[in-house]
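Peer 1: have a look at this fold, sequence not included:
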């Protein structure tokens, strides 16, 4: 018996952390629901964009993530620049 697909399942599917059997169930669920599949593709695109931004930034990752999620309106008071060990 398949369990209902939850929002947490969708995010875990995008992140690639579901067990193979559950990922297959979620894939089948999405194949039958084009609107949900489009939303999951948007989540994946957002994840990719965040990973590219972080990878290309010289900002401290924690400060950058705080700005992405809206916890910091500016970089004032944050240690924002990474120090390279090179």
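Peer 2: Arrived safely. This structure is a prediction, so every number in the text was calculated from the model and none was measured. Numbering: from 1, shown residues only.

Peer 1: from now on I want contacts and neighbour counts done on CA atoms only, so please keep to that.
Peer 2: Will do.

Peer 1: roughly how far apart are residue 63 and residue 17?
Peer 2: Note on residue 63: its distance to residue 17, by Cα to Cα, to the nearest Å, is 25 Å.

Peer 1: more neighbours: those two, which one.
Peer 2: Between residue 63 and residue 17, counting by other Cα atoms under 10 Å, residue 63 is the more crowded of the two (19 against 12).

Peer 1: quick check, pLDDT for that one.
Peer 2: pLDDT recorded at residue 63 is 70.

Peer 1: distance check, it against residue 54.
Peer 2: 10 Å.

Peer 1: buried ones in the longest helix seen in the chain?
Peer 2: Looking across the chain with DSSP state H, the single longest helix is helix 34-56. Buried positions in helix 34-56, judged by neighbour count with 16 or more other Cα atoms under 10 Å: 37, 40, 43, 44, 53, 54.

Peer 1: now swap in stretch 13-23 and tell me
Peer 2: 13, 14, 18, 22, 23.

Peer 1: start and end of it, how far apart?
Peer 2: Span of stretch 13-23 from end to end, Cα to Cα: 6 Å.

Peer 1: what residues are up against residue 36?
Peer 2: By Cα atoms under 8 Å, 6 or more residues apart in numbering, the residues touching residue 36 are residue 30.

Peer 1: for the longest helix of the chain, the averaged confidence score.
Peer 2: The pLDDT scores in helix 34-56 average 88.

Peer 1: stretch 14-31 too?
Peer 2: Rounded mean pLDDT across stretch 14-31 is 96.

Peer 1: what comes into contact with it?
Peer 2: Under the criterion Cα under 8 Å, 6+ apart, residues 2, 5, 9, 10, 12, 13, 36, 37, 40, 43, 44 lie in contact with stretch 14-31.

Peer 1: switch these over to TSV; also include distance to residue 29.
Peer 2: Converted to TSV, these look like this (distance: Cα to Cα, whole Å):
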residue	distance to residue 29
2	10
5	8
9	11
10	10
12	14
13	12
36	9
37	9
40	12
43	16
44	17
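
Peer 1: report how many residues lie close to residue 26.
Peer 2: By other Cα under 10 Å, neighbour count at residue 26 equals 22.
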